[in-house]
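> Sequence plus the predicted model coming up.
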Amino acid sequence: MNALALPLYQAVLALVVAVGIVTLLYRLKPPPRTVVVPSSVIWDRVLRESHPSPDRLRWWLSLLLAALIAVALVSAVVPLLPADRGGEVSKLIVVLDDSPTMGTRTTDGATRWDHALAKARRLIEARPVGNEVWLADTMRRIATPAFQSREDALAQLANVRISHGFSPTVPLPENSGSIETVVITDGVSIGLVAPQARLESAFESVENAGITAFEVRALPADPGRYLAYVEVVNASGTEKPIELAIVGVGDKRVSRAVPVPAGGMRREMIDISDFHAGPVRASIAMPGDGLAIDDVAYSVLPVRRILRMALVTSGNPYLEKSLQAQPRVKMTLIPPERYVDDRGYDAAVFDRFAPKVRPHVPALLFRPSAADWLPSPQKEIANVSAGAWNAAHPLLENISLLDLNVDHASVVNLKDRTKHPQTVLVSAPGGLPLVITHEDGVRWVSFAFALEESNFALHAGFPIFLNNALDWMLGERAVIGRGLGLIEVPLPDARVMAADGKELPSQSIAGGSVFEVDAPGLFTAVTAQQRLRIAANLFDRRITDVNKSGLAHIKPVADAPIGAIQSIAFDPSLALLLAGALLLLFEWWSWNRRMTV
């Protein structure tokens, strides 16, 4: 509101000058008027009787009122500011905690974040024009904070929101020790705070419960049965009955009341075998729950069918036992000389053999024989290890090849395969391909070595690889779980769709794509060759524990109700102008009552 801001010594000088001018005016005496009267004796008696008290007292009262009016008016225009010590005291640093727990609802219906924004807005608006504000946030949504005008800081404040996926920190500029610093937080997720910073608390203890784990799994002994595993945490101070519900496609629903002790955890396993394949949603309900974002979680019930698998081999105990151990595989063993075609099968595994015609079903090949539809053999290598592999590929999820050793391998030539390109999944030192994949049309995976020529079949991850291969070849890869915030998927140039069909903004990066979500849900990343389903959930006990705050002992300053009509903010200049007006009114009244004349 002020159009002028001066340092302290200049402001005081202005006040002294104003009072001096008023005093000087009062010291000036008007020239005497010459009045001719018959006699002065009568007038002397009239003056003595009408002015029994000395005139000097009234003169001083009038001077005092005039001086007060001058001080009020000058102070309203020239605010008193502390001395500017190198320009730092006229600056303000405001750091907002925008971590997920700030979304907790308080007893007035607003959230901690709403109160934090209101506090920050009042702090910035209270600064005189000309001051600079450095606005930052603990989740680093403001990428490059800098000192800016009060108006620019308020505009930037309107764009800050609660964020996910990062560890909250308090960023401060260099040499900020002498600058007024305010950190507005609930004290739950925030880290260390600089000693010169003043903490403004947005914390209020509330009831809360949350889902910290949710997964749909098939029973190992019966692939036709599925269980929903749910973990519920009660962050309240007393034991609570929490309503847990599992909802699937076609209005399939299972619900139960789950008592959870104060500060405790409860795990539930719910049979959802009669649910249809597709999205599954878990939710909890508790009276007075403060944080809504941890009350829901998503997963996917996969398509349940037995896969008919053809194993074409002259005899391989490793492959036979590993495939038989897959609960959803019905395997048929076929000698190479009796193989005709792949009709009647969902997938095929070829061991040291390759059909002359490319299979019409997805295939897994171990050191295949020469065929026109496969890359031609180039040379033999011996005693090699895995030099590099694409760990982000779905085939190698949860698999390490650090100790893979290969006795003999037949390296293929990929230079003449530009028409039907393949991708190197695993390579030996020097870039020689050990495992290649083909994704154009019907998928297949080819190993340059047989299982008995390596130690791969002895790895604990080999059964996992077979399961990954079945999912990938058939396009039935299970949903992958991710947290909220920035999500990276191993699909370059992917389009990301939400469950309601809305496309989310995404960006291509090296080896994949990245997009951002701020609420639990199911998403699908799509390319021309591949689809990948992602379940984004908030599984973090530290966030569900919204009452574990280091500021619980600090009583926050009461805020005006959020959403109510805001009264005019207190402004010292406005108060001084009002005081000057009241003094002028009193001066007018006293003059009319002949008290100052």
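Now that the structure is in, tell me what you want to look at. Model, not experiment: these values are computed from the prediction.
> For the stretch 201-350 of the chain, which segments count as helices?
Taking DSSP state H, counting those that start in this stretch to define them, one finds helices in the stretch 201-350 of the chain at 317-324.
> And the chain, by the same measure?
With DSSP state H as the definition, the chain shows helices at residue ranges 8-27, 41-50, 55-77, 112-125, 150-157, 317-324, 462-473, 541-544, 572-592.
> tell me the mean pLDDT for the third one?
pLDDT averaged over helix 55-77 equals 69, rounded to a whole number.
> do the first one as well
Taken as a whole, helix 8-27 has an average pLDDT of 66.
> swap in stretch 269-289?
Computed over stretch 269-289, the mean pLDDT rounds to 93.
> Numbering from 57 from now on, please.
Right, with 57 as the first residue, what we last looked at is stretch 325-345.
> Quick one: end-to-end length of it, please.
Looking at stretch 325-345, the gap from its leading to its trailing residue is 23 Å under the measure C-alpha to C-alpha, to the nearest Å.
> Can you give the distance of that stretch from its chain's centre?
Relative to the mean C-alpha coordinate of its chain, stretch 325-345 is positioned 25 Å out (C-alpha atoms, centre = their mean, to the nearest Å).
> now swap in stretch 420-433 and tell me
For stretch 420-433, the distance from its own C-alpha centre to the chain's C-alpha centre is 48 Å (C-alpha atoms, centre = their mean).
> Also stretch 388-396?
Relative to the centre of its chain, stretch 388-396 is centred 55 Å away, using C-alpha atoms, centre = their mean.
> Could you export that stretch as CSV, CA atoms only?
In CSV, the C-alpha atoms belonging to stretch 388-396 read as follows (Å, rounded to 0.1, in the frame of the first residue of the first chain):
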residue,chain,number,x,y,z
THR,A,388,4.0,-81.4,-24.4
LEU,A,389,7.4,-83.0,-25.1
ILE,A,390,8.1,-83.4,-28.8
PRO,A,391,11.3,-84.8,-30.4
PRO,A,392,12.7,-82.6,-33.2
GLU,A,393,12.2,-85.3,-35.9
ARG,A,394,8.5,-85.5,-35.0
TYR,A,395,7.8,-81.8,-34.9
VAL,A,396,5.4,-80.7,-37.7
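> so where is the stretch 257-406 of the chain shaky, pLDDT-wise?
For the stretch 257-406 of the chain, the stretches with pLDDT under 70 are 276-277, 279, 360.
> go with 90
By pLDDT under 90, the weakly predicted segments of the stretch 257-406 of the chain are 273-282, 293, 305-307, 329, 332-334, 357-364, 373-375, 377-386, 397-400, 402.
> in it, which spans are strands?
Counting by DSSP state E, counting those that start in this stretch, the stretch 257-406 of the chain has strands at residues 265-275, 278-290, 296-305, 309-316, 321-327, 332-341, 352-357, 363-368, 385-390, 403-407.
> Tell me the strands beside the fifth one, with direction?
Within its sheet, and counting by DSSP bridges, strand 321-327 is paired with strand 278-290 (antiparallel).
> Just want the angle from the partner strand to strand 332-341.
20 degrees (axes from the mean of the first three to the mean of the last three C-alpha atoms, to 10 degrees).
> who are the neighbours in contact with Lys308?
Listed by C-beta atoms under 8 Å, 6 or more residues apart in numbering, the contact partners of Lys308 are Ile328, Asp330, Phe331, His332. C-beta here means a position set from N, CA and C on the backbone, and glycine is covered the same way.
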